[in-house]
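>>> For reference, the sequence and a predicted model appear below.
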Amino acid sequence: MIRRPPTQIPMTDMDVQQVRDALARQKAEAAVKQGAPATPALAKGPAMPAQPYHHVEEAKKKRDAQTKDERLGLR
């Protein structure tokens, strides 16, 4: 298959703005249908923890708290 360069479509800033407005309107309509708020600022998600969870650090703390016998599975 022979590839050809894409066809250039002349667009003005007004055309681009119209497309952006149409996309925003479609997203807002879809959000209303789903019952979600129109803006993310109004959405209430799960509470974020104060500090991020670092699995490696937690595993190291857990391992340091165990005795040698516990680590080897003797207890």
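Received, thanks. Numbering: from 1, shown residues only.
>>> quick one: least confident helix or strand in this structure?
Ranked by mean pLDDT, DSSP states H and E, the helix or strand of the chain with the weakest confidence is helix 68-72, at a mean of 84.
>>> residues in contact with it?
R63, R75 (CB atoms under 8 Å, 6 or more residues apart in numbering). Every C-beta, even on glycine, is put in place using the N, C-alpha and C of the backbone.
>>> Which single helix of this protein contains the most residues?
helix 13-34 (DSSP state H).
>>> Using PDB, write out every CA atom in that helix.
Extracted C-alpha coordinates of helix 13-34, given in PDB (Å, rounded to 0.1, in the frame of the first residue of the first chain):
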ATOM      1  CA  ASP A  13      -8.700  29.800  15.300                       C
ATOM      2  CA  MET A  14     -12.500  30.200  15.300                       C
ATOM      3  CA  ASP A  15     -12.900  26.800  13.800                       C
ATOM      4  CA  VAL A  16     -10.700  25.200  16.400                       C
ATOM      5  CA  GLN A  17     -12.600  27.000  19.200                       C
ATOM      6  CA  GLN A  18     -15.900  25.700  17.800                       C
ATOM      7  CA  VAL A  19     -14.600  22.100  17.900                       C
ATOM      8  CA  ARG A  20     -13.400  22.600  21.500                       C
ATOM      9  CA  ASP A  21     -16.800  24.000  22.500                       C
ATOM     10  CA  ALA A  22     -18.600  21.100  20.800                       C
ATOM     11  CA  LEU A  23     -16.400  18.500  22.600                       C
ATOM     12  CA  ALA A  24     -17.000  20.300  26.000                       C
ATOM     13  CA  ARG A  25     -20.700  20.300  25.400                       C
ATOM     14  CA  GLN A  26     -20.700  16.500  24.500                       C
ATOM     15  CA  LYS A  27     -18.700  15.700  27.600                       C
ATOM     16  CA  ALA A  28     -21.100  17.700  29.800                       C
ATOM     17  CA  GLU A  29     -24.100  16.000  28.300                       C
ATOM     18  CA  ALA A  30     -22.500  12.600  28.800                       C
ATOM     19  CA  ALA A  31     -21.800  13.500  32.400                       C
ATOM     20  CA  VAL A  32     -25.400  14.600  33.000                       C
ATOM     21  CA  LYS A  33     -26.600  11.300  31.600                       C
ATOM     22  CA  GLN A  34     -24.400   9.400  34.000                       C
END
